[in-house]
Structures are given as structure tokens and as C-alpha cells.
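# this is a predicted model, with the sequence first.
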Amino acid sequence: MNKKKLYVLGLDGVSFTLLIDFCEKNITPYLKKIFRDGDIKKMCSVYPTISSVAWATLLTGKLPGSHGIFGFIDIKDDLTLFIPNYKDIKTKTIIEILSDFNKRVLHINLPITYPPPEVKNTVCISGFLAPKIDKAVYPKNLKSFLLKEKYVIDLDPWMARDDKKKKVFYNELFTVTDKRFKVCEEIIKNEIFDVIILNIMETDRLFHFFIKDYYKLKDYFSFLDKRIMSFLENNLKEEDELIILSDHGLKELKKSINILYFLKSKGLLKFKGDLLYNYNNIIETSKVFTLAPGRIYLFKKERFSRALYWENEIKEEVENFLNELISYEGIKGYKKRLEIFGREFIGKAPDFIIIPEMGYDLKAEFDLDEPYVDSPIEGVHTFDDAFIYIRGRKIVKDDVKIVDFVPTVLNLLNINYKDNFDGEVII
């Protein structure tokens, strides 16, 4: 009897709503066909809704308070900024769990997998945080193959901000997507894996810069549908398991909201002189600061040694400000960290998260002294419009969450592993 494999295909940033629309309009006929065999449901992502946090959550089955990744950029207790990576994840990922059960895992282009985890039984090609090929692979002998194939870790999004290069950027989305599938196919042709995880990041890039151009979306998804068909029909066997999912949705951007402006105008955040680009220039009498998207940190002595106030001296004033902020365009509400972040590493979490209305993006722009700012991007991430499809299974849970992925994968592979997951089996 053949040993079954699990294929996981990530379509980064693809919204459930748009995907179903494309299926109904026959723009993606192959996906429409395979979705009939199994179940597809809308899935909630995580706050803050950005790729690094979403993928850390997806790969651990835990909320940020239990895996320790709270943003693309985070802040240390001495107010210096850093970019969290795989080494900052505080709990086991599905990659490590599967390795412990002697499963061979290939994972390609997952955003939080830099530096590439050197885990036995695994092969890794990192996602967009990796600066170059030789730092993106495990084992290292993959480097020569990827260079020969002219593999691209990630397209430079700054190209899409330049009108002269935007057309080239769009055309390259097709080339880079095709190369991801090709590289994956070459690797699994020469080695046997139990689990293959391939993430297509170009869908996210497409929506960020071309979401207003329906014909560009249509042409790319028509191409993607054919490429998925070729990949699955050449590799997926009847006994294999298949999951297709996204980490968050994307919707057309209405406006970007500069939260930093509101904090400064209310006198809650003050800087020394004109040196606004460094959080070390926060004046000690400040009571709060923000990191995008919408993360609110009390400037409190419990965490930041330079702060003047204890939490109980400033928390009520900051909450009053947040309640007032809800009256402004684009602000839906806010949540306290204990409501949404989970358990162990909650001490490093922001104290509050501002929740935007659909279509609004929350910024922290130092050099723009105004509440609403222009943006070169066209699409913004959404929390409640991701999706998950599982072939040949019935999804029995109505409110599917991104934390449900790991428990469900372990169930599909008949692996009995207990942990304090924030998610649950959905089939």
C-alpha cells in the first residue's frame, strides 16, 4: 500500500470572497472543480493581520502570546527596533513536530522561516526575510540548484512603486510563481517527502499593487489555476491529503490612518527635538507609543526603564483616548491584549490593538504630521476573509481560525501529539 503524503498549498493573501467569485465566473475552473471534492470555508486570521504573525500562528497552532511574534517589526525593552525571525518563535512549529515523528518535510517560501530552521528530516527554502539564496536554504547544497534555476526569494516590492517598473513587476509575478512550482517539482522528483508545503507569495504582492485592476487579477489567476492543475495532477495521488489555504485576505485600500499623529496631537507621545525616527527619542513623560499596524504600547515602568509612569497611572487615560478614537473614520474599535493574544509571552505583547474598519490600514508615520496619509499600495490585509480547503473532508467547525491548522494537520496524519494549542481539529 502506498504511503500517503500531505500537500499544503498556500495562496498568500487570497480572500475567500474573491476566490469564490473567480470560481463562479470560471476564471479558475480547476480550483472550482477540486473544491467540489471536500470542503472550503472562510477562515479568520490573527491580530495584527500581517504575514509574519499570521504564518507564525499558522505553523504553531498558537496565538502570538504563546509563540512570541507580534509584528514584522518589534521593539526591545531598551526601545531599539528589530525584525523577528524564526529563532524568535518561542514554541515548536509543525515543522519540528513532524520531524520528531520522523516525517520528512519540504517547505518552500514560508515568510517566517528565516533563518532556515536546521531541523532533521526537513528541507527548507526560506521566504522573503532571507537576504540571498545562500542564507535561505537548508541543507546548504540546495544553493547551487537554486542559482542554476534562477530562483527568486521574493520580488522587490519597491519596483511596483515605480511607474516605470510596475509593468515589469507584474510580468515577473508570473515568472517567479512558475519557478516556485518548478523548483518544488524538481525536489520532490528526486527525494521522498511525507509533507510538502509550498507558499505562493506573489498573490499577496498582486493584491497589494494591482487590486484595482480586475483584468490583471483575472489574467494572473487564470495562469495560477493552470499551474496548480499541472502541479497537482502530476504529483498528487488518490490517497494523498491536500490543503489549500491563505494566511489572511486582502481588500482594496480606502485610506491609511496615521495613529502616531493622534497620539502626538493628544500629548500622549512626545519626542526630543526633531529626531523623530528613533524610538529612543521618546520623552520620559510620554504615556504611550505605537507600532504598525495599530499596536499600542503603554510607556510603563514595568517594561521600559526610561518610562516615568507605572501602568496603573496611565492605563485609564490611554483607554479613554482609544474610546475617543473610535469616533474617527476607519476605526472600528480596539482590543486588550489578554482578549486576543494568548498566554505565556504576553509580557512582550502590545497592551492594545486598534481594529480598523475593512479597507483601512493603520500606520505609524513619523514624518507626516496628518491623520490620513496617501499610500503607494492598493490593497490592505483583512482579518476575517482568509480561507481553507481540505480535499475529501467535511469541515465541521463553523468559525474556522488560523490556529486550527496544526491540530488538523496532526489529525490528518494520525499523529497523537498534545500541546496547549489555541486551535482545534476542524474535520
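Arrived safely, thanks for sending.
# low-confidence ranges in the chain?
Confidence mapping of the chain against pLDDT under 70 gives the ranges 1-2, 274-277.
# if you set the cut-off to 80 instead, what comes out?
Residue ranges of the chain with pLDDT under 80: 1-2, 273-278, 343-345, 367.
# now do the contacts for the most centrally placed residue in it.
The centroid of the chain falls nearest to residue 51 when counting by CA atoms, centre = their mean (1.6 Å). Residue 51 is in contact with 12, 13, 72, 111, 112, 204, 247, 248, counting by CB atoms under 8 Å, 6 or more residues apart in numbering. All C-beta spots, glycine's among them, are computed from the backbone N, C-alpha and C.
# how near is it to residue 154?
With distances taken as CB to CB, to the nearest Å, residue 51 is found 11 Å from residue 154.
# also residue 307?
Separation of residue 307 from residue 154 (CB to CB): 37 Å.
# can you check residue 59 too?
According to CB to CB, residue 59 stands 18 Å off from residue 154.
# turn the contacts of residue 51 into CSV, including neighbour count, secondary structure and distance to residue 221.
Shown next, in CSV, are the contacts of residue 51 (neighbours: other CB atoms under 10 Å; DSSP: H, G, I helix; E, B strand; the rest coil; distance: CB to CB, whole Å):
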residue, neighbour count, secondary structure, distance to residue 221
12, 27, coil, 13
13, 27, coil, 13
72, 17, coil, 26
111, 29, coil, 21
112, 27, coil, 25
204, 26, helix, 13
247, 30, coil, 18
248, 28, coil, 17
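# which one of those sits closest to residue 140?
Residue 140 lies nearest to residue 112 out of the contacts of residue 51, by CB to CB, at 20.3 Å.
# hmm, residue 94 and the closest one touching each other?
No - judged on CB atoms under 8 Å, residue 112 makes no contact with residue 94 at a distance of 11.9 Å.
# what residues are shared contacts of these two?
With CB under 8 Å, 6+ apart as the test, residue 112 and residue 94 both reach residue 59.
# tell me the first helix or strand C-terminal of the longest helix seen in the chain.
Using DSSP state H, we find that the single longest helix of the chain is helix 166-190. Heading C-terminal from helix 166-190, the first helix or strand you meet, by DSSP states H and E, is strand 195-200.
# quick check: can you name the pairing partners of that following strand and their directions?
Applying DSSP bridges to the sheet, strand 195-200 is found paired with strand 6-11 (parallel), strand 105-110 (parallel).
# which stretches of the chain form helices?
Going by DSSP H, the chain shows helices at 16-24, 29-35, 51-60, 64-67, 94-100, 142-149, 166-190, 202-210, 214-235, 259-265, 311-325, 337-340, 405-412.
# pick the most deeply packed of those.
Highest mean neighbour count among the helices of the chain (mean count of other CB atoms under 10 Å): helix 51-60, with a mean of 28.
# okay, angle between that one and helix 202-210 too, please.
Relative orientation of helix 51-60 versus helix 202-210 (axes from the mean of the first three to the mean of the last three CA atoms, to 10 degrees): 160 degrees.
# for helix 51-60, the distance to its chain's centre please.
6 Å (CA atoms, centre = their mean, to the nearest Å).
# what does stretch 284-302 give?
Taking mean C-alpha positions (CA atoms, centre = their mean), stretch 284-302 and its chain are 23 Å apart.
# what of stretch 325-344?
The answer for stretch 325-344 is 19 Å, by CA atoms, centre = their mean.
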